[in-house]
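Q: predicted structure and sequence below. I'll ask about it afterward.
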Amino acid sequence: MRLDRAIVLTGRRGEVPSSIKEVPPRTILGLPTLERTLLTASQAGVREFILIGEDAEAGKAILSSLGEDKRFQEKDKRLEYVPLSGLTDLVRRGGLRDRFWLMDGDVVFAPAVLEKAAQADSGEDRDLLVVHSLEEGHPGQQPTIKTADDGRTVAAFGGDAGGRATSYAGVGLCSGETLARLAGAFTKRGSVRLDADVLAETFDPARTVAFDAGPDFCETVTSKASAKRAERYLIGTARKPTDGFFSRNFNRYISTFLTRQLLKINVSPMEISVVVLFVGLLSGWFEGRGGYRNAVLGAFLFELASIIDGCDGENARLTFRSSKLGGTLDVAGDALIFVFFFMNLPIGLYRSTWNNLWLYTQRSGIGNNIVAVVKDIEKSAGRPGFTGKIDWIASKIAPIYRRDFFATWVFLFILFGGAKIFMGILAVLTPVEAVYMFFYSRRRLRQEKTAEVEV
């Protein structure tokens with residue numbers, strides 16, 4: 001069964017009267033809600049979209065804007081706009097014979113909602129509407145759908161009938177026959193507003209089931225309050241489950257605040273990466289100048305670069321602009337900043353003390369291996385061939401080489417005059433690290449070759 005088609009209702013709905021057509025689109029975290037709806041659905045596997053609106057000219061503007069956006073230029077992605085006056089023709093030419101998603105153009109949702117709704121779909125030409133339980137405190141700004149105690153069987157549409165109260169979440173999974181009834185209801189009212197009356201006229205309770213979205217976010221943005229809830233949810237998706245301790249508890253709070261501001265002025269992830277690289281290299285330059293003030297300023301900029309480094313990824317995830325090139329440049333920039341900073345740290349100490357010992361530590365390559373295979377080592381505990389005590393210790397110590405941890409401790413050491421102590425620790429740990437990584441890499445290569453032979 002194909003579930004890669006969707007009908008998306010464009011325009012302002014909810015609290016805005018359907019007679020008001022010239023309402024600016026809502027933008028949340030740098031992306032209009034309509035574009036966010038389409039891109040999220042696309043992420044969940046939807047490839048064909050029919051946008052329905054009240055005005056043909058508005059449709060041309062929408063398609064023109066989306067057509068110029070690289071995110072909508074994939075070969076297998078199809079966009080069509082049908083004005084209210086063309087709905088009858090859409091039904092006559094066959095419309096959508098297969099099941100299709102029905103979405104509000106202002107709905108913000110987790111991609112998992114579509115996946116779980118598709119799994120819960122009973123088919124058999126029955127319609128499914130995604131809802132939120134009002135009994136759990138979810139605000140009821142959308143049409144109310146009354147269900148039986150099982151929370152799945154639809155009893156009635158509207159707030160007067162008895163039963164368990166739920167709120168329509170802005171997403172449905174419909175049979176092909178539903179399109180004709182939906183088009184008829186919209187045409188009769190002269191608008192594409194999906195209110196309780198349209199739901200009642202379009203969907204037969206006996207042939208409709210409710211699916212509770214549960215903890216997964218799914219809400220149509222109809223007010224400032226719902227926009228704030230959507231923003232809080234989206235900011236949460238910008239974080240990464242692999243974040244280290246300092247990122248989770250400190251850096252992300254600052255980086256997400258900065259990301260919000262940068263999205264308001266449409267700064268791209270690539271532009272942020274360039275800024276991070278500049279700040280990171282500048283930190284190394286100050287570190288190599290010598291003197292306490294330069295050392296503290298350099299360490300501060302090194303920490304700042306680590307914090308801002310989270311912004312490009314957050315920006316990319318929130319605006320669907322992630323790319324392999326961007327990821328590669330981000331990793332390469334991180335490595336360059338690390339190497340440059342730790343090349344200049346001993347030079348700065350030499351200029352401050354005129355002790356040649358620091359030049360020897362600089363030539364030994366301290367810092368060059370800091371970013372090497374750290375994440376892989378963290379995952380090595382319990383892996384076949386990596387179950388020794390040394391491997392277990394290495395997997396537990398590896399997180400200290402993460403950038404968020406390292407940058408913070410570098411800054412604190414230097415701030416409190418401990419640059420020499422820090423370099424001394426590195427001078428001891430670096431050879432140990434190099435030896436372990438040498439043998440670790442040999443075992444990993446041997447393991448990969450064995451796996452290739454078995455395949």
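A: Yep, it's here.

Q: burial of Pro205, as a residue count?
A: The number of residues packed near Pro205 is 18, by other C-beta atoms under 10 Å. C-beta here means a position set from N, CA and C on the backbone, and glycine is covered the same way.

Q: OK, contacts around it?
A: Pro205 makes contacts with Val154, Ala155, Ala156, Phe157, as judged by C-beta atoms under 8 Å, 6 or more residues apart in numbering.

Q: for Arg78, phi and psi?
A: The phi/psi pair for Arg78 (degrees, to the nearest 10) reads phi -120, psi 130.

Q: which of the contacts of Pro205 lies closest to Leu84?
A: Nearest to Leu84 among the contacts of Pro205, counting by C-beta to C-beta, is Phe157 at 21.9 Å.

Q: does the closest one touch Gln142 like I think?
A: No: with contact defined as C-beta atoms under 8 Å, Phe157 does not count as touching Gln142 (11.5 Å).

Q: what's the PyMOL line that selects buried ones from the contacts of Pro205?
A: Buried subset of the contacts of Pro205, written as a PyMOL selection, criterion 16 or more other C-beta atoms under 10 Å:
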select buried, resi 154+156+157
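
Q: pick out the most distant pair among the contacts of Pro205.
A: Distance extremes for these: the farthest pair is Ala155 and Phe157 at 9.0 Å, using C-beta to C-beta.

Q: spit out the residues that contact the two alike.
A: Lys146, Pro205.

Q: going by distance to Val8, which of the contacts of Pro205 wins?
A: Phe157 (21.2 Å).

Q: got a list of what Ala326 touches?
A: Quick fix: residue 326 reads Gly, not Ala. Pro269, Met270, Ser273, Asp312, Ala316.

Q: next up, identify which helix or strand it is on.
A: helix 324-353 (DSSP states H and E).

Q: quick one: mean pLDDT for that helix?
A: The pLDDT scores in helix 324-353 average 80.

Q: kindly report the same for stretch 213-231.
A: pLDDT averaged over stretch 213-231 gives 89.

Q: look up the closest residue to the residue nearest the centre of the chain, ignoring the ones flanking it.
A: By C-alpha atoms, centre = their mean, the chain has its centre lying nearest to Arg317, at 3.7 Å. Leaving aside its sequence neighbours, Arg317 sits nearest to Ala238 (C-beta to C-beta, 6 or more residues apart in numbering; 5.3 Å).

Q: so how many other residues sit close to the one you found?
A: 20.

Q: contacts only, for it.
A: Contacts of Ala238 by C-beta under 8 Å, 6+ apart are Thr256, Thr259, Gly313, Glu314, Arg317, Leu318.

Q: change it to 7 Å
A: Ala238 is in contact with Thr256, Thr259, Glu314, Arg317, Leu318, counting by C-beta atoms under 7 Å, 6 or more residues apart in numbering.

Q: most neighbours, which of those residues?
A: For the contacts of Ala238, the largest number of neighbours (other C-beta under 10 Å) sits with Thr259, at 28 neighbours.
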